[in-house]
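S.K.: Provide a 3D model corresponding to the input given below.
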Amino acid sequence: MLRLRQYKGCDAGKIVAWCKDEISFRKWCSDRWARFPITADDMNEKYFGSNGDCPDADNFYPITALDGNEVVGHLILRYTDEGRKVLRFGFVIVDDTRRGKGYGKEMLKLTLKMAFEIMGAEKVTLGVFENNAPAYHCYKAAGFTETGECYLMKLLGEEWKCIEMELERKDYYDR
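M.R.: Predicted coordinates for the structure are as follows:
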């Protein structure tokens, strides 16, 4: 049974190992790290030393998903508004050996429950690259819908289209 807990520094080594190549790495983190590959120390520095690059001291929440005692997934949450009603999911990833088995959807469902019921969010947003169909379908299965907003990012010498998605509290409870 999947459960969530606060990210710990000892999780980093497993998480960074799930991106075997730079394409999968960029689908996961976009341009948030300048170089590939990153180390566990790089991840922990961003999370603990730089507060996930968030200016507000209480605005960055890294989460780890566990199956039993095994780390199987990870994502971060951060508020994007002053009223703390809109949360954004980012760095969503599942152990590459467990993809396609429902772990991502279950992790998202548990995190959405936390976002709406504990953190008081009215809406949760995320962005997904058009070239990341498995992630897109996972987000749709968890209840996210496209907002109609897209933007282009220059990554690896190409332009990647990022699709914005969201799930509002009212829609979460209507499902």
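S.K.: just the strands in this structure please.
M.R.: Along the chain, the segments classed as strands by DSSP state E run 2-6, 60-67, 70-79, 86-94, 123-129, 145-155, 158-168.
S.K.: which strands and helices sit next to the first one?
M.R.: It stands for strand 2-6. Packing partners of strand 2-6 (3 or more Cβ pairs under 8 Å, 6 or more residues apart in numbering; DSSP states H and E): strand 60-67, helix 103-117. All C-beta atoms are positioned from the backbone trio N, CA, C, and that covers glycine.
S.K.: select, out of the ones you listed, the one closest to residue 8.
M.R.: Closest to residue 8 of the helices and strands packed on strand 2-6, according to Cβ to Cβ: strand 60-67, at 6.9 Å.
S.K.: which neighbouring elements make contact with the closest one?
M.R.: For strand 60-67, the packing partners by 3+ Cβ pairs under 8 Å, 6+ apart are strand 2-6, strand 70-79, helix 103-117.
S.K.: can you put the ones you listed in CSV and add distance to residue 165, mean neighbour count and mean pLDDT?
M.R.: As requested, the helices and strands packed on strand 60-67 are exported to CSV (distance: least, Cβ to Cβ, whole Å; neighbours: other Cβ atoms under 10 Å; pLDDT from 0 to 100):
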stretch, distance to residue 165, mean neighbour count, mean pLDDT
strand 2-6, 20, 13, 98
strand 70-79, 14, 20, 98
helix 103-117, 11, 20, 98
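S.K.: nearest to residue 166, of those?
M.R.: For those, distance to residue 166 was read as Cβ to Cβ. The smallest value, 11.4 Å, belongs to helix 103-117.
S.K.: just the angle for that closest one relative to strand 158-168, thanks.
M.R.: If you take axes from the mean of the first three to the mean of the last three Cα atoms, to 10 degrees, helix 103-117 sits at 50 degrees to strand 158-168.
S.K.: report the angle between helix 103-117 and strand 2-6.
M.R.: 60 degrees.
S.K.: check the offset of helix 103-117 from the chain's centre.
M.R.: 11 Å (Cα atoms, centre = their mean, to the nearest Å).
S.K.: do stretch 116-134 as well
M.R.: Put simply, stretch 116-134 sits 8 Å off its chain's centre (Cα atoms, centre = their mean).
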